[in-house]
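[1] could you look at this predicted model? Sequence included:
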Amino acid sequence: MSDKIISEYKYGFKDPEEYIFRSKKGLSRETIEEISWIKMEPEWMKRFRLKAYEIFISKPMPSWGPDLSELDFNDIYYYIKPVDKKGASWEDLPTYIRNTFEKLGVPEAERKYLAGISAQYESESVYNNLKKRWENQGVIFVDTDTAVREYPELVKQYIGTVVPPQDNKFSALNSAVWSGGSFIYVPKNVHVDIPLQAYFRINAQNAGQFERTLIIAEEGSYLHYIEGCTAPIYSTSSLHSAVVEIIVKRGARVRYTTIQNWSSNVYNLVTKRAFAYEDSIVEWVDGNLGSKVSMKYPSVYMYGKGARAELLSVAFAGKGQHQDVGGKVLHLAPYTSSNIISKSISKDGGRSSYRGLVYIDSLAEGSRASVRCDALIFDEYSRSDTYPTMKIRNNNVLLSHEASVSKITEEQLFYLTSRGLTNLEANAMLVRGFIEPIAKEFPLEYAVELNRLIKIQLEETIG
Amino acid sequence: MLDIEDLHVEVEGKEILRGINLYIEKGKIYAIMGPNGTGKSTLAYTIAGHHRYKVNKGRILFKGKDITNLSPTERARLGIFLAFQYPIEIPGVTVASFLRTILNIKENISLVKFNKLLKEKMSLLEIEEGFAKRYLNDGFSGGEKKKCEILQMALIEPEVVILDEIDSGLDVDALKVVSNGIKRVFNSNMSIIIITHYSRILNYIEPDFVYVMMNGKFVASGKKDLVNAIEERGYEWLEEVNSNV
Ligand SMILES: Nc1ncnc2c1ncn2[C@@H]1O[C@H](COP(=O)(O)OP(=O)(O)O)[C@@H](O)[C@H]1O
Ligand SMILES: [Mg+2]
């Protein structure tokens, strides 16, 4: 902890967007050292970053999946520090930031139905609060930078163990330039029975956001974590590349819910993975509505006997969007079970793909896996693909795989409009029905939000 | 109320309705009978505004206003309701949430009031409570689908109701329940058009006027006597009578 980084620091204070600091565009060793210096990080973290940077450089871009050719790594600001000090209350924040989060309904959600909340603006967490009741039970909920300072041993022990930097090009990138994200520790047998939420906001043009989230659920604990994200629309690209690592110990249960609503210029390339130990449950509930390109395959590595994984996702690909999403479940122990349900909607030339892996190890005796992919395609310009991979190394397992492609029919629209619904309302109702099996897994407020966002997406072209 | 003037309608390039005239009065019940494939459903769809049914000639007036070119939404909002011969499945949308949505279009009532109203109408049609939680028409039996159409009608109380073969697929008991339900919902501000192939339902609901359609035209009109004649003798004699004209 005592090793502080000493390097020169160019005080780049010339931006019109009221930042405390913004690194130069593009990525270099110096940028990474600068980020680490500003954060006054210990040496081990600086080394972690620099090593990851080497890996990032050496790794090629993924040879499969969506087109990333327009993503220019040199045209991105990798670190933007919006405020000097995070707020102890919303009132402490600059008015424009507070207004943004007010508009997004974040403080209201905190008051009404959350155990705690964290708000990240550009690269830094600007507000973070955990209700006393949970703090008293030993729950930790801070931004990951704070965790490096205050809980270095925990961070050191777990960071990069679930998603190592060398996992893929973007996990390496995140490891090199990460900033913000949530660090959550739930002690043994503690049930945080109302959700914790993090809200991620990109505001600046050409910004990169690289939060790093680390969740540790001790034996028999319970946690529901929700993340939401948005950004204004710019004509140039922004990059969001997060890493989420979750460790779910024996008998614990973690549900991770995402409503991703990035603007249509954001590349959303994230690596999310959980390790599930004996009799634990991991649930990824995912709503992907925004972004230009999303590549996201939340994974569960079931290391413990009887572990369970649920991957439920909805993706909406509108004009110019490619949602390449899915998930991976690795059955590495006996009697593990997994359930993947993916629902995608493609419209106005949008493209959605389901890309998934079910791996059942020879050790995973008596396991079961089920995969279901349903696609709803609005028009002939839109596209939906599935890339399911199954690798089964044990014969004593139960497997099921179902896929369907459907369309909204003229007869359905006529039926609903003949009851007085407008064309838009009828379409929205049909889409709502299509995603209902997943939407009902979101907390009510977020299911309502999901449906509202879908209606807005439809409005753009149906009206 | 509803005034249909010399209506000619084509579907997929084929002329189906060939000059239909019909005047629907407020507070009256009409029956349109006829063999299969004569254009009864075509008339129903055309009144409801299905875009594939093209009006080549003639017009439809509702309370004196020409609605021939209005969208289905607009017609529904004016108070026209079609109970479908084959109701459409809407997976993932519960009966309750659908009914609340369509009732909200007409009047905004509280959830508490809505639940009470729904319960009342469901018991009127002898529908069990769990029904409201099922997905609309999804996996419903023929009878359930028909009851659900009448449930919608009972809730929104439209001004003009077209029942397209509401009796088909119903056993005697269900037919009784549905007919009684219709009669209870019917009021002096409503007009009902019962489209049917068989006279069965007309023994439960007595129409004020009866029309017989063949090959896209009305070939006979009358009262209950006409229904009895059809019940006894079928439709063939009308065809003969008509072809001699
Ligand atoms: N959507 C359609 N496409 C093609 N032909 C149709 C369509 N709807 C009706 N028709 C044709 O119109 C004629 C009348 O059908 P319909 O109105 O359903 O009769 P009914 O209800 O009296 O049995 C039939 O010959 C039928 O094949
Ligand atoms: Mg018919």
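    The structure has been received and is ready for your questions. Ligands and ions are numbered 1, 2, ... in the order given.
[2] what about the helices in chain A?
    A:29-38, A:43-58, A:95-103, A:106-113, A:132-135, A:144-150, A:152-158, A:169-177, A:410-417, A:423-439, A:444-459 (DSSP state H).
[3] tell me which residues in the first one are buried?
    Of the residues in helix A:29-38, A:31-38 count as buried by neighbour count, 16 or more other CB atoms under 10 Å in any protein chain shown. The way it works is simple: take the backbone N, C-alpha and C, and place the C-beta from them, glycine included.
[4] for the shortest one, same thing?
    For helix A:132-135, the neighbour count (16+ other CB under 10 Å) marks A:Trp134 as buried.
[5] roughly how far is it from the heart of the chain?
    In terms of CA atoms, centre = their mean, to the nearest Å, the centre of helix A:132-135 is found 25 Å from the chain centre.
[6] do the same with the fourth one
    Helix A:106-113 has its average C-alpha position 20 Å from the chain's average C-alpha position, going by CA atoms, centre = their mean.
[7] for it, output the C-alpha coordinates as CSV.
    Presented in CSV, the C-alpha positions along helix A:106-113 are these (Å, rounded to 0.1, in the frame of the first residue of the first chain):
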residue,chain,number,x,y,z
VAL,A,106,-31.4,7.3,-9.9
PRO,A,107,-31.7,9.1,-6.5
GLU,A,108,-35.4,8.4,-6.5
ALA,A,109,-34.8,4.7,-7.1
GLU,A,110,-32.3,4.8,-4.2
ARG,A,111,-34.9,6.3,-1.9
LYS,A,112,-37.7,3.9,-2.9
TYR,A,113,-36.4,0.4,-3.4
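[8] what sits closest to B:Gly143 if chain neighbours are left out?
    B:Ala174 (4.6 Å; CB to CB, 6 or more residues apart in numbering or on different chains).
[9] got it, and A:Pro232?
    A:Ser263 (6.1 Å).
[10] in a markdown table, list the buried residues of helix A:29-38 along with distance to ligand 1 and pLDDT.
    Converted to a markdown table, the buried residues of helix A:29-38 look like this (distance: CB to the nearest ligand atom, whole Å; pLDDT from 0 to 100):
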| residue | distance to ligand 1 | pLDDT |
| --- | --- | --- |
| A:Thr31 | 64 | 96 |
| A:Ile32 | 65 | 97 |
| A:Glu33 | 70 | 97 |
| A:Glu34 | 68 | 96 |
| A:Ile35 | 64 | 96 |
| A:Ser36 | 69 | 97 |
| A:Trp37 | 72 | 96 |
| A:Ile38 | 68 | 95 |
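[11] could the residues you listed be laid out in CSV, adding distance to A:Gly356?
    CSV is the format used below for these (distance: CB to CB, whole Å):
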residue, distance to A:Gly356
A:Thr31, 35
A:Ile32, 34
A:Glu33, 39
A:Glu34, 39
A:Ile35, 34
A:Ser36, 36
A:Trp37, 41
A:Ile38, 39
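[12] count residues in the vicinity of the residue nearest to A:Pro232, would you?
    If you count neighbours by other CB atoms under 10 Å in any protein chain shown, A:Ser263 ends up with 16.
[13] residues contacting it?
    Going by CB atoms under 8 Å, 6 or more residues apart in numbering or on different chains, A:Ser263 touches A:230-234, A:238, A:290-291.
[14] please apply the same query to B:Ile88.
    A:409, A:411-412, A:414-415, B:137.
[15] if we can go back for a sec, highest neighbour count among the contacts of A:Ser263?
    Neighbour-wise, these (other CB under 10 Å) top out at A:Ser238, 28 neighbours.
[16] how about that one: which residues does it bridge to?
    Counting by DSSP bridges, A:Ser238 is bridged to A:Val266.
[17] ok, it to A:Pro298 distance?
    Computed as CB to CB, to the nearest Å, the A:Ser238 to A:Pro298 distance reads 22 Å.
[18] would you list the phi and psi of the residue nearest to A:Pro232?
    Per-residue torsions, A:Ser263: phi -70, psi 170 (degrees, to the nearest 10).
[19] what do you get for B:Gly64?
    phi 80, psi -10.
[20] which of the helices or strands spans the nearest residue to it once chain neighbours are set aside?
    Spatial nearest neighbour of B:Gly64, excluding adjacent residues (CB to CB, 6+ apart): B:Asp3 at 7.8 Å. Here B:Asp3, judged by DSSP states H and E, is contained in strand B:2-11.
[21] can you give me the buried ones in that strand?
    So, applying 16+ other CB under 10 Å, buried residues of strand B:2-11: B:2-5, B:7-11.
[22] could you do stretch A:55-68 as well?
    A:55-56, A:59, A:65-66, A:68.
[23] element containing the closest residue to chain A within chain B?
    Closest residue of chain B to chain A, CB to the nearest CB: B:Gly92 (2.9 Å). In this structure, B:Gly92 sits in neither a helix nor a strand according to DSSP H and E.
[24] much appreciated, bye for now.
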